[in-house]
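J.: after the sequence you'll find the predicted model.
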Amino acid sequence: MAGENYLLATKSPALPLAPVEFDRGYTDTTHNILRQYFNTLDNVTGPLLANSGGRFLSFPHIAAQDTTDQRTTDNTATKVLWNTLDSGLGFTLNLDSTATAAHTGVYKIDYSLQFVNTDNAVHDAFVWLKVGTTDIVGSASKYTVPERKSAGVFGYLVAYSSVTFQMNAGESVALYWATSQANVVSPAADGIYIEAIAAQSSPFVMPAIPSAIGSIVFVSGIPVQL
């Protein structure tokens, strides 16, 4: 029977052994078993092939965010951090802010980073993807973050991109960023960092703004070259 968000898996029936001579009872029993099995198949294929049938399918995916400010030093490739797993299937979010895939396939990552520039000059930030220790070709983006407008009024830019890539089961993927002018706490230096903002209740109610939000979804198996 089909549910709103799931289907019951089918299992081939165990048919009774046929007698040596014709037996009407055996024939009727076998037909009933097969009829029940085909009805079960219809209950699966009917909803699955109907409109919106894709809602019954589950694909490997992961969604995560980070609730802390993230900083780096000048001209240093730095891993984007993720401290909160929002949802996941077929992925493991690791303590080193990498995500390990359980299945080989083609995947797509979407990310959003809230860059802040505390300096009086415009500066650039760069973001790219690595699988293991290998940079993914064509995955880098450049973001130009506006300068500070006045004391305490910083320049903001939300960096968004989407990248399609391949990875094998057991491989780990990570997002990296860098800038030539980093905001440093000690010794203090103005520049770029990735900011998280806490939830607020006044002057209006608003949920927290993560420093980083990202998701990876399964696109397809890796095509076989014939």
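T.: Thanks, I have it. Numbering: from 1, shown residues only.
J.: how far away is Ala50 from Phe59?
T.: Going from Ala50 to Phe59 by C-beta to C-beta, to the nearest Å gives 19 Å. (C-beta placed from N, C-alpha, C; glycine too.)
J.: and Val224, its phi and psi?
T.: Dihedral pair for Val224: phi -90, psi 130, per degrees, to the nearest 10.
J.: likewise for Asn39?
T.: Torsion angles, degrees, to the nearest 10, at Asn39: phi -60, psi -40.
J.: quick one, what contacts it?
T.: Taking C-beta atoms under 8 Å, 6 or more residues apart in numbering, we find Asn39 in contact with no residue.
J.: now do it against Pro16, distance only.
T.: 19 Å.
J.: ok, then the element right after the helix or strand of the chain with the lowest mean pLDDT?
T.: Scoring the helices and strands of the chain by mean pLDDT, DSSP states H and E places helix 24-49 at the bottom, with a mean of 88. As assigned by DSSP states H and E, the chain's next helix or strand after helix 24-49 is strand 61-66.
J.: neighbouring contacts of that following strand?
T.: With C-beta under 8 Å, 6+ apart, strand 61-66 has contacts from 80-91, 93, 99, 196, 210-218.
J.: now Trp128: closest residue in space, sequence neighbours ignored.
T.: Counting by C-beta to C-beta, 6 or more residues apart in numbering, Trp128 lies nearest to Ala140, which is 3.8 Å off, once chain neighbours are set aside.
J.: next up, the contacts around the one you found.
T.: Each residue near Ala140 by C-beta under 8 Å, 6+ apart is listed here: 126-128.
J.: got it, and Gln181?
T.: By C-beta under 8 Å, 6+ apart, the contact list for Gln181 reads 74, 119, 121, 123, 190-192.
J.: farthest-apart pair in these, please.
T.: Farthest pair in the contacts of Gln181 (C-beta to C-beta) is Asp74 and Ala121. Separation: 13.8 Å.
J.: ok so, going back, write the PyMOL selection for whichever of the contacts of strand 61-66 are buried.
T.: Selection of buried members from the contacts of strand 61-66 for PyMOL, criterion 16 or more other C-beta atoms under 10 Å:
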select buried, resi 80+81+82+83+88+90+91+93+99+196+210+211+212+213+214+215+216+218
